[in-house]
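> All I have is the shape, not the residue letters:
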Ligand code: DAH
């Protein structure tokens, strides 16, 4: 019996000393399994009286129960220790700086296009689209620029075949829209990319964006054009902007004008932005040439129209004070990140 007492003491301290669930399992198996030292004690059974057997049997059972209890207690302790260690290692330091999520921003050219589209939609325009790979017929011929016309020299382009090229101007969408509308009134704007041979420098690029406008109806006059552009420039550059027309030439408009807006920086007094003139050249426009209308099947004695082409890069550069057009195309995030504000 003394052996059993001693064994229980040993077992108790050994179980308490187990530091992992595995060690604990092994210890439990050692004391309660087939090779347990209990077997030695059980061998005494044969020599004992009935009373003695009963007593030993009870002691052995009590021993087993006690071992099981000790194992359960230690198992719980080990589990708790593991949880505590995990909690300690996963402590959140609320003073640590947060993770910065990199978000993109809308490209400044798209911002200006969105803004202009919204203004025009508010004035009843539809937004049209046309392909960048265009046929010569729509890019030049039907815009009153036949083969051999000197105006082609200023808009040399990237030809895919003799008849197909990367469009040099969104004006080609005028022709497409006229052909589709089949003599009916039109009121569209068309933003898009255009291509032409040019020097690449701070203010020129061989590809850039335009917004074309075309309005055709029975009684359209030059004053409708002026009123429209006046309103658009006010919305874009401030309510006290003035505009002025200067005579110009485009083969597809007659008369043709270049449109200046009074400088939004100095208000017309003269500053570096407007090159001391008080005015900023912003777009080309005019009354749709009767040849263009006739070629697209319109009766030019009944229907008239105005058209305009806005240079998106130019407006964006003025708007944000950007001095090099190449910034728009090189995808430098330091440049682009500046336009996140207000989104
Ligand atoms: N397509 C002309 C260009 O690329 C711009 C332009 C001028 C468009 C006058 C027009 C217009 O619609 O009426 O230089």
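Perfect, thanks for sending it. These numbers were taken from a predicted model, which means no experiment stands behind them.
> tell me what the worst-scoring helix or strand of the chain on mean pLDDT is packed against?
Across the helices and strands of the chain, mean confidence by mean pLDDT, DSSP states H and E is lowest for helix 38-42: a mean of 82. Applying 3 or more Cβ pairs under 8 Å, 6 or more residues apart in numbering; DSSP states H and E, we find helix 38-42 packed against helix 2-17, helix 50-89. Yep, even glycine has a C-beta here, placed from its N, CA and C like the rest.
> Need the residues that contact it.
3, 4, 7, 31, 32, 56, 60, 63, 64 (Cβ atoms under 8 Å, 6 or more residues apart in numbering).
> Mind jotting down where the strands sit in the chain?
126-127, 133-135, 164-166, 186-195, 207-217, 243-250, 253-262, 279-288, 304-311 (DSSP state E).
> Report how many residues lie close to the closest residue to residue 130 other than its chain neighbours.
Nearest residue to residue 130, sequence neighbours excluded (Cβ to Cβ, 6 or more residues apart in numbering): residue 173, at 3.7 Å. Using other Cβ atoms under 10 Å, residue 173 has 24 neighbouring residues.
> Mind pulling the model confidence for residue 173?
pLDDT recorded at residue 173 is 98.
> With mean neighbour count, mean pLDDT and distance to residue 236 as extra columns, can I get the strands of the chain in CSV?
Below are the strands of the chain laid out as CSV (neighbours: other Cβ atoms under 10 Å; pLDDT from 0 to 100; distance: least, Cβ to Cβ, whole Å):
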stretch, mean neighbour count, mean pLDDT, distance to residue 236
strand 126-127, 14, 98, 17
strand 133-135, 19, 98, 28
strand 164-166, 19, 97, 28
strand 186-195, 21, 98, 13
strand 207-217, 22, 97, 11
strand 243-250, 15, 95, 11
strand 253-262, 20, 95, 8
strand 279-288, 22, 94, 9
strand 304-311, 23, 97, 10
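> any chance of these in CSV, with distance to residue 80 too?
As requested, the strands of the chain are arranged in CSV below (distance: least, Cβ to Cβ, whole Å):
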stretch, distance to residue 80
strand 126-127, 67
strand 133-135, 72
strand 164-166, 73
strand 186-195, 67
strand 207-217, 67
strand 243-250, 80
strand 253-262, 76
strand 279-288, 75
strand 304-311, 73
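> Let me have those strands in CSV, adding distance to the ligand as columns.
Output for those, formatted as CSV (distance: least, Cβ to the nearest ligand atom, whole Å):
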stretch, distance to the ligand
strand 126-127, 16
strand 133-135, 13
strand 164-166, 13
strand 186-195, 7
strand 207-217, 6
strand 243-250, 4
strand 253-262, 4
strand 279-288, 3
strand 304-311, 3
